[in-house]
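S.K.: Okay, predicted coordinates and the sequence, questions at the end:
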Amino acid sequence: MAALKTSAPPAAGGAPDRPRIVRKQTVSQRLRHDWPLLIMTLPALAQLSVFFYWPSSWNIIAFMDYSPYRPFWENPFVGFAWFGRLFSDPYFMPALVNTLQFALAQLALVFPLSIFLALVMHSVISTRVRSVFQSIVYLPYFFSWVLVVTVFIQMLGADGLVSNWMLGFGGDRLNVTADPDSFMFLAWMQWTWKDAGWGMIIFLAALSSINPSLYEAAAVDGASRWRRMWHITLPGIRPVIVLLLILQIGTILTVGFEQYQLQREAVGYQTTEVLDTFVYYRTILSSNGESLGTAAGLFKGIIGLLLVLAANHIAHRLGEQGIYQKS
Amino acid sequence: MATPSRRSPFRRRSLFKAAGLGAAGAAGLPMIAACSDIESGGGTSQTTEGFDFLPTYKEWPLPFEPDLVGEPPNHPSGFTSYPEPVQAVTDLPSGSGTYEITMPVWGTVPSADDPYYAGLHEAWGGTEINLRQADGNTYAETSAQWIQANEFGNGIYLFSWMLSSQSNFRETVVNSFYDLTDILKGDIADRWPLLAGRQTAAWGQSVWSTDPEDPESARIFGVPGSIWGGPGNGLLARTDLLEADGLAMPTSVEELLEVARTWSDDAAGRWAFLGLDYISPQWFNLASGDGWYWDEEQDKLIHNCERPEYTEWLEFRRTAWDEKLVHPDAPSGTLDGKELHKAGTILFQQDNMSWWQDYSTQAAGGQVEGAIAPVGALAANGRTPLVHVGTGVEGWLFLSKDLDQEQVEEILDVANWCSAPYGTKEYEMLWYGFEGEQFEYGEDGTPVHTEVGTEVVQAPVNFKTFSGQVQTFLTGAPDFVQAKFDYNASVKDYAEVNIWEGMRVEGPADFKTAGQTLIDQQDDIAYGRADLSAIPEMVETFLNNGGEAGREHYTAAYKALHG
């Protein structure tokens, strides 16, 4: 069936142009036309199928009393029983609350800091100062969490450098790395040190795409440095900010694993348990089997999906492109 | 009629979508409602006695009698001399297969290409067995994943304490490992005389049922490790540091606290303790294992956390923390206690008893200073002490179900060779290596490891644990053997009675999970993160979330055992 489309409105006052007929291509025509492109997508499709879609299909065991030693079809369906067990687990609510707390704190404290660092870097004229600063701030991103946590324990632990200085001055030991009350502060310091530089790099890339002539024109018009940042820089990187914000909201319940797992013993589970460590301790290190952990993972995924959809919707309302748009 | 806007929910396409979702939901709900309950993870109990399919016991006569005769199992006999070893396996089998066995290791892993291993392969008949040695600190947890993925080579060694980390281990055993029953049943003394000389109890403890409801389905699935009686763990004190400060070895919990207070100096960076979690419950008469105690008066099983001694125990741990008698970074669980003990940063180290022998060996070689010895049986508030002791085989070698019978028999040839006791050539090769390479005879005739031997052979877990010995003894330097013999004699009367003798009980999943929560909460109290007043609430949480289900399961097992 052919679809009719007009390419332009009829010219006013004259005879209307003859409508141009765009005939919709059949599937076989499109295949003949696009086959090189389709072939190029095959590796990615195969990779996604093997490592994403096929494993994702195993989420069904969240609804089964699953045992790896039974043929798959002999595992009985138990409906939402694992979800019921999940929500009644005494570790679940602390894990969910902690996850949301850490996620919001990361969003509110680290995300803006990356933008701030990028703006500072962008304003530095000296290339040498900029490269040194960039290296110092960016380097910790490549450190493993084991190293980051070790450095903090060596520095701020009860038997660490600062504690021993304080003892030398007649004071008491510092207990930042084992105190549940100060863990959020500790975690913030660790995120800032490790991750803020990475965010900065992305925003710097966005900043480099702003046309310099806009700054020159604004400067000629007498705009101050602050005005230029407010009216040129920030609007220029706004799509990237929104995109990263939406992506971060989508993974809001994935706040990390190693950082919390490594400090769990020192600080206690009440403060450090997050959904990812919950799955590890309640599934892999316990006798609950795979189904409970899968239910927890599924719960996390559904919440993440809903948050992405909501954030994308809000972005569209605000006139931004978001991460996708309906065609 | 006006056309609905693109955003309207009344557009035809939106209505179709809503209808489709509704139909799917309506169809799915009855299916979900008709689902069954979760039945897995209910726990199992397995009798370990009274089987008629075990290897027929045939005594393997010891080549030498021990110098110190104890009362095994909790007071083992010992050798203070080193006899000229004899060959235990005279009719060597000829093997040509190559196998890989997964084993834990603590410390540095020796090179798999070391000539020592090639020497062993040749010595036991040619079969090449390569050890895939993995970090012992995480082995219990990660081994569960390897087994489920069938990625443990041709076999795996598991210590008995590692079973609690496995989810539904009975199901794992019968589905992943080779059923040895048909090979080992009856008289095996001709081919494997040393395996036939193993205690019947050791083989009985290597049995699992393929069907938990059917006792007749019991089968042998593992080659049992050695049975070591007596205390496996201890609180080991730096006796040289005690003497330097004029302090005596404590004989009660109250004295221990006083010694700790006197010796500890937070500002100077020295603390009496690093860990107290698994060694101190016995000082308050708390039960070992899963923590069940049979109360004769109430005629029921009582869990540790329900007893007043539990609160006393946590009060003790909290006191030690509050008074800065415990290393301030102890909660991190990342410190190397052995190194801190060697450095004199901590006075007492809770550890396996093998640390006593290791430290003594290193001190004799001039690698460390001072000396250590275990604190005797302790109790608080004038009670009679209780000492937790080893109650069964230390572990099992499980073989892959993918092997064929000839391959299994070839590996059992090696297991038979590795079961040779003290006083044999085989034992000497396993524990000391080859003369001139891994060890030299000392002046008193006792083998002493060379530097290479210390690196390659001295590790406590390798082919030494491949298969349990026919009989176990205290061995090593004569002074050490005498000291350990005397120590065992001093604590044997306080050994905990094993109320589960003759049965292996695996608790329900809920019970295990609730137990893990309880341990986390104990640590919160012990390290000042929660108040002692939280104990009643955490006990209630434990009982409601699996403790009561556990009591029901263990009571059924107890009644089946004791009537």
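M.R.: Structure's in. What do you need? Just so we're clear, the structure is a prediction, and the values are computed from it rather than from any experiment. Numbering: from 1, shown residues only, chains lettered A, B, ... in the order given.

S.K.: Every contact and neighbour count from this point should use C-alpha atoms.
M.R.: Noted.

S.K.: What are the boundaries of the strands in the stretch 51-200 of chain A?
M.R.: For the stretch 51-200 of chain A, applying DSSP state E, counting those that start in this stretch gives no strands.

S.K.: Get me the contact residues on it for chain B.
M.R.: A:65, A:68-69, A:76-82, A:157-159, A:167, A:178-180 (C-alpha under 8 Å from any C-alpha of the partner chain).

S.K.: same thing but at 6 Å, please
M.R.: Neighbours of chain B within the stretch 51-200 of chain A, by C-alpha under 6 Å from any C-alpha of the partner chain: A:65, A:77-79, A:158.

S.K.: if you look at the residues you listed, which of them are in helices?
M.R.: Using DSSP state H, no member of these sits in helices.

S.K.: Between which two of those is the distance greatest?
M.R.: Greatest spacing in these, by C-alpha to C-alpha: A:Phe77 and A:Ala158 (50.2 Å).

S.K.: The closest residue to B:Val389 other than its chain neighbours: neighbour count?
M.R.: Among residues not flanking B:Val389 along the chain, B:Pro231 sits closest, at 4.2 Å (C-alpha to C-alpha, 6 or more residues apart in numbering or on different chains). Neighbour count of B:Pro231, defined by other C-alpha atoms under 10 Å in any protein chain shown: 21.

S.K.: got the phi/psi numbers for B:Pro231?
M.R.: When read as degrees, to the nearest 10, the backbone of B:Pro231 gives phi -70, psi 130.

S.K.: got it, and the one 5 residues further on?
M.R.: Main-chain dihedrals, B:Leu236, degrees, to the nearest 10: phi -100, psi 130.

S.K.: Show me what counts as buried in stretch B:99-119.
M.R.: The neighbour-count check on stretch B:99-119 (16 or more other C-alpha atoms under 10 Å in any protein chain shown) flags B:99-105, B:116-118 as buried.

S.K.: Kindly report the same for stretch B:541-550.
M.R.: Buried residues in stretch B:541-550 (16+ other C-alpha under 10 Å): B:541-543, B:545-550.

S.K.: what does stretch B:320-340 give?
M.R.: B:320-321, B:324-332, B:337, B:340.

S.K.: which of these are close to chain A?
M.R.: Answer for the buried residues of stretch B:320-340 near chain A (C-alpha under 6 Å from any C-alpha): B:328, B:331-332.

S.K.: so which of these comes closest to A:Ser126?
M.R.: B:Ser332 (43.8 Å).

S.K.: Any idea which residue of the stretch 151-300 of chain B lies closest to chain A?
M.R.: B:Ser167 (4.2 Å; C-alpha to the nearest C-alpha).

S.K.: Distance check, the nearest residue to that residue once chain neighbours are set aside against B:Ser40.
M.R.: Of all residues not flanking B:Ser167 in the chain, A:Ser287 sits nearest, at 4.2 Å (C-alpha to C-alpha, 6+ apart). Between A:Ser287 and B:Ser40 the computed distance is 10 Å (C-alpha to C-alpha, to the nearest Å).

S.K.: between those two, which one's more packed in?
M.R.: Between A:Ser287 and B:Ser40, A:Ser287 has the larger neighbour count (other C-alpha under 10 Å), namely 25 against 15.

S.K.: Quick check on the more buried one: phi, psi?
M.R.: Dihedral angles (degrees, to the nearest 10) for A:Ser287: phi -100, psi 20.

S.K.: Look up how far A:Gly79 lies from it.
M.R.: In terms of C-alpha to C-alpha, A:Ser287 sits 20 Å off from A:Gly79.

S.K.: How about A:Leu147?
M.R.: 43 Å.

S.K.: Compare those two (neighbour count), which wins?
M.R.: The neighbour count for A:Leu147 versus A:Gly79, taken as other C-alpha under 10 Å, is higher for A:Gly79 (23 against 11).

S.K.: if I read this right, that one contacts A:Phe63, doesn't it?
M.R.: Yes - using C-alpha atoms under 6 Å, A:Gly79 is in contact with A:Phe63, at 5.0 Å.

S.K.: who in chain B is up against chain A?
M.R.: B:32, B:35-38, B:167, B:328, B:331-332, B:509.

S.K.: let's see it at 8 Å
M.R.: Counting by C-alpha under 8 Å from any C-alpha, the residues of chain B near chain A are B:32-33, B:35-41, B:141, B:145, B:148, B:165-168, B:171-172, B:175, B:267, B:328-333, B:509-510, B:512-513, B:520, B:523-524, B:529.

S.K.: which stretches of the stretch 351-500 of chain B form helices?
M.R.: B:354-364, B:405-418, B:425-431, B:451-456, B:478-491 (DSSP state H, counting those that start in this stretch).

S.K.: Name the residues of the fourth one that are buried.
M.R.: By neighbour count, with 16+ other C-alpha under 10 Å as the criterion, the buried positions of helix B:451-456 are B:452-456.

S.K.: hmm, back to that, the helices of the stretch 351-500 of chain B: which one's closest to A:Phe133?
M.R.: Using C-alpha to C-alpha, those put helix B:451-456 closest to A:Phe133, at 46.1 Å.

S.K.: Now for B:Asp329: which residues touch it?
M.R.: A:157-159, A:178, A:266, B:335 (C-alpha atoms under 8 Å, 6 or more residues apart in numbering or on different chains).

S.K.: okay, among those residues, which ones form the most distant pair?
M.R.: A:Ala178 and B:Leu335 (13.9 Å).

S.K.: Just the CA coordinates for stretch B:127-136, please, in CSV.
M.R.: Extracted in CSV, the C-alpha atoms of stretch B:127-136 (Å, rounded to 0.1, in the frame of the first residue of the first chain):
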residue,chain,number,x,y,z
THR,B,127,49.6,-40.6,37.9
GLU,B,128,49.9,-36.9,37.4
ILE,B,129,47.7,-34.9,39.7
ASN,B,130,48.0,-31.1,39.4
LEU,B,131,46.7,-29.0,42.2
ARG,B,132,44.6,-26.0,41.3
GLN,B,133,45.2,-24.0,44.5
ALA,B,134,42.8,-21.2,45.4
ASP,B,135,42.8,-18.6,48.1
GLY,B,136,41.6,-20.3,51.3
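
S.K.: got the contact list for it?
M.R.: Taking C-alpha under 8 Å, 6+ apart as the rule, stretch B:127-136 contacts B:94-107, B:109, B:112, B:118, B:121, B:410-411, B:414, B:462.

S.K.: that older thread, make TSV from the contacts of B:Asp329 and add pLDDT and distance to B:Ser354 to it.
M.R.: Formatted as TSV, the contacts of B:Asp329 follow (pLDDT from 0 to 100; distance: C-alpha to C-alpha, whole Å):
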residue	pLDDT	distance to B:Ser354
A:Gly157	87	31
A:Ala158	86	30
A:Asp159	83	29
A:Ala178	87	31
A:Ala266	90	27
B:Leu335	86	19
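
S.K.: Narrow these to those that are buried.
M.R.: Using 16+ other C-alpha under 10 Å, the buried ones in these are A:157-159, A:178, A:266.

S.K.: In three-state terms, label A:Ile246 for me.
M.R.: Of the three states, A:Ile246 takes helix according to DSSP: H, G, I helix; E, B strand; the rest coil.

S.K.: and it, how many neighbours?
M.R.: Neighbour tally, A:Ile246, other C-alpha under 10 Å: 23.

S.K.: Any stretches of the chain with poor pLDDT?
M.R.: Using chain A here. Low-confidence segments of chain A (pLDDT under 70): A:1-22, A:325-327.

S.K.: ah, no, chain B please
M.R.: For chain B, the ranges with pLDDT under 70 are B:1-35.

S.K.: Report the central residue of it.
M.R.: B:Trp161 (3.2 Å; C-alpha atoms, centre = their mean).

S.K.: go on, chain A?
M.R.: Mean-position check on chain A, C-alpha atoms, centre = their mean. Result A:Gln248 at 3.2 Å.

S.K.: With chain B as the reference, measure out to the closest residue to that residue other than its chain neighbours.
M.R.: Nearest residue to A:Gln248, sequence neighbours excluded (C-alpha to C-alpha, 6+ apart): A:Leu107, at 7.8 Å. Distance, A:Leu107 to chain B, using C-alpha to the nearest C-alpha, to the nearest Å: 28 Å.
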